[in-house]
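Novice: how does the following fold in three dimensions:
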Amino acid sequence: LRIRPLTAEELVTLPAPLQKNVLSTTPFTPNQVTVQGERKQSYMFDHVFGPEISQKEIYDRAVMNLVDKFLDGFNATIIAYGHASSGKTHTLGLSNDVSPSNESKGIIPRSMSTLFSCINSAQYKARKFVMRISFVEIHNNTLIDLLGDKDSQTLVREDSSNRIIWKDLKEIKVNNVDEIMGLLSSGALSRNSLTLNANANSWRGHRVFTVTLSQQKFVPSNGLPTNSNNIPPTTSKFNFGRSKSREEIKTNKHDGEWIAVTSKFHFVDLAWNDMKNDNTLVNPQEKDCHSLNSVILPLGNVISTQGMASDKEFKHTRTLKDYIGNNAQTLVISCVSPAINQIKETINTLEYATQARNLKNISIVHHEVGWHNLEHLQDLVLKLRTEVRALR
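Specialist: Residues are numbered from 1 along each chain as shown. Sure, this is the predicted structure:
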């Protein structure tokens, strides 16, 4: 849970009684938040970040472990949820600020910096990486490719193995953080153009930024540690046709093996419709598309049923079903305002966050094989091959 401070605009425009802080925490129960409303209510979470907590501290305490898992070949998903102007877009780092200060950088730019820092470090020198990104918005149950052509349409399909495929989605290869931030800015501009015919405050699309990381690692058959001297050149190519749920082991003509794996990291900014004025809605269907029950609860169902989304679920639910629950490390960040004039929306957010926290995200072991398990299996294969050669 993240509690944002009152904004400069609120401090100027809100009457003093409406600036009352209705949320409180104590050092004795750091993971508990209390709401001082018509009745006193307390909620417990894995983390509670107050208004004084920095972007960096949130990243270090709640997100960095997911980035490490992603580098190990696990799928990961971060979902930011909360009412309008609660700080979820700022927390993720999807605001329109092209050059944010180091202090205000959100989860996405910090995650990308960590990824490229690791990829370029000596620790990962034995691996080969290819990174691609995509950026979509789900509005009125339609998938919009923010990095694609204006007239292009991205479709959600399932293959014979019930894996989700984003047909005709544009994925762009990236080589550094600056390229990623530039593409995010381009996607934001594309999104802004979509609001020209609508009230900007009513355009509440769900945005999904995805990083696809394909990596290869060479394991020598002599059992010696891998270094730059014993890594042969590889001519094998990464397969970006679809995301792989299982690792592939590729044989190389040199004395050893290339191990390859592809993983995905979704960053999801879920929209919220305050439902205060139906006249601001561009399409009446938006009321159902963005209401609490039709947007948030289906995601909870996907988590609780281990990724088994029905065909009746909305596109954002089906789109993420492979990366929530049984095949992904999932983090939900609920964002709230402490102001008394938004207490209803805050309580709604806290109630859902409580439900999400109680859901069991049970991992299926054979879907979550990282480098350590792969190396163990590969080492076993190489030893058996050595024994076979000795018997000959």
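
Novice: quick one: the helices in this protein, in order.
Specialist: Along the chain, the stretches classed as helices by DSSP state H are 8-13, 55-58, 64-71, 88-92, 107-119, 177-194, 285-290, 292-304, 315-320, 343-358, 371-391.

Novice: where among the ones you listed is average confidence lowest?
Specialist: Per-stretch mean pLDDT for the helices of the chain is lowest at helix 285-290 (a mean of 39).

Novice: can you count the residues close to Pro15?
Specialist: Using other CB atoms under 10 Å, Pro15 is surrounded by 7 other residues. To be clear about C-beta, it is placed using only N, CA and C from the backbone, and glycine gets the same treatment.

Novice: tell me how far it lies from Leu6.
Specialist: Counting by CB to CB, to the nearest Å, the separation of Pro15 from Leu6 is 13 Å.

Novice: can you check Thr212 too?
Specialist: Distance from Thr212 to Leu6, by CB to CB: 39 Å.

Novice: between the two, which has more neighbouring residues?
Specialist: Higher neighbour count among Thr212 and Leu6: Thr212, with 18 against 15, using other CB under 10 Å.

Novice: now do the same for that one: its pLDDT.
Specialist: So Thr212 comes in at 94 (pLDDT).

Novice: state the distance from the closest residue to it other than its chain neighbours to Glu179.
Specialist: Nearest non-adjacent residue to Thr212, counting by CB to CB, 6 or more residues apart in numbering: Arg132, 4.7 Å away. The gap separating Arg132 from Glu179 is 11 Å, by CB to CB.

Novice: and for Ala353, the neighbour number?
Specialist: Count around Ala353 with other CB under 10 Å applied: 22.

Novice: that one and Arg2 touch, don't they?
Specialist: No: using CB atoms under 8 Å, Ala353 makes no contact with Arg2, being 10.3 Å away.

Novice: between the two, what contacts are shared?
Specialist: Taking CB atoms under 8 Å, 6 or more residues apart in numbering as the criterion, Ala353 and Arg2 both touch Ser334.

Novice: can you give me the strands in this protein?
Specialist: 2-3, 23-26, 29-36, 40-44, 76-82, 127-139, 142-145, 155-158, 164-167, 172-174, 206-220, 248-251, 256-269, 329-336 (DSSP state E).

Novice: hey, least reliable of these by pLDDT?
Specialist: With a mean of 46, strand 248-251 has the lowest mean pLDDT of the strands of the chain.

Novice: bridged to the residue nearest to Thr212, which residues?
Specialist: Beta bridges link Arg132 to Lys173, Thr212 when assigned by DSSP bridges.

Novice: and it, what is it in contact with?
Specialist: 171-174, 211-212, 214, 240.

Novice: try it again with 6 Å
Specialist: 171, 173, 212 (CB atoms under 6 Å, 6 or more residues apart in numbering).

Novice: same question, Ile133
Specialist: 172, 174, 211.

Novice: how does it look with 8 Å?
Specialist: 147, 171-172, 174, 180, 183, 209-212.

Novice: can you check Leu71 too?
Specialist: By CB under 8 Å, 6+ apart, the neighbours of Leu71 are 115, 118, 124, 213.

Novice: make JSON lines from these and add neighbour count and distance to Trp258 to it.
Specialist: Output for the contacts of Leu71, formatted as JSON lines (neighbours: other CB atoms under 10 Å; distance: CB to CB, whole Å):
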{"residue": "Leu115", "neighbour count": "20", "distance to Trp258": "21"}
{"residue": "Cys118", "neighbour count": "16", "distance to Trp258": "20"}
{"residue": "Tyr124", "neighbour count": "15", "distance to Trp258": "15"}
{"residue": "Leu213", "neighbour count": "19", "distance to Trp258": "16"}
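
Novice: from the contacts of Ile133, which is closest to Ser85?
Specialist: Nearest to Ser85 among the contacts of Ile133, counting by CB to CB, is Phe209 at 20.2 Å.

Novice: just checking, that closest one touches Gly106?
Specialist: No: counting by CB under 8 Å, Phe209 stays clear of Gly106, with 11.0 Å between them.

Novice: do you know how far Ala356 is from Thr330?
Specialist: 9 Å.

Novice: one more: Asp269?
Specialist: Distance from Asp269 to Thr330, by CB to CB: 15 Å.

Novice: give me the number of neighbouring residues for Glu9.
Specialist: Residues near Glu9, counting by other CB under 10 Å: 9.

Novice: please apply the same query to Glu171.
Specialist: 18.

Novice: with the one 3 residues further on instead?
Specialist: For Val174, the tally of surrounding residues (other CB under 10 Å) stands at 19.

Novice: which ones are touching the closest residue to Ser334 other than its chain neighbours?
Specialist: Leaving out its chain neighbours, the residue that sits closest to Ser334 by CB to CB, 6+ apart is Ala353, at 3.8 Å. Counting by CB under 8 Å, 6+ apart, Ala353 makes contact with 1, 43, 45, 81, 332, 334.

Novice: distance to Glu57 and neighbour count added to those, as TSV?
Specialist: Shown next, in TSV, are the contacts of Ala353 (distance: CB to CB, whole Å; neighbours: other CB atoms under 10 Å):
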residue	distance to Glu57	neighbour count
Leu1	14	26
Tyr43	21	20
Phe45	16	18
Tyr81	20	23
Val332	18	24
Ser334	17	25
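
Novice: measure Val156 to Ile164 for me?
Specialist: 6 Å.

Novice: roughly how far apart are Trp258 and Lys69?
Specialist: 22 Å.

Novice: ok, now Thr7?
Specialist: 34 Å.

Novice: okay, those two: which has more neighbours?
Specialist: Lys69 (18 against 14).

Novice: thought Thr77 was touching that one, still the case?
Specialist: No: the criterion here is CB under 8 Å, and Lys69 misses it with Thr77 at 11.2 Å.
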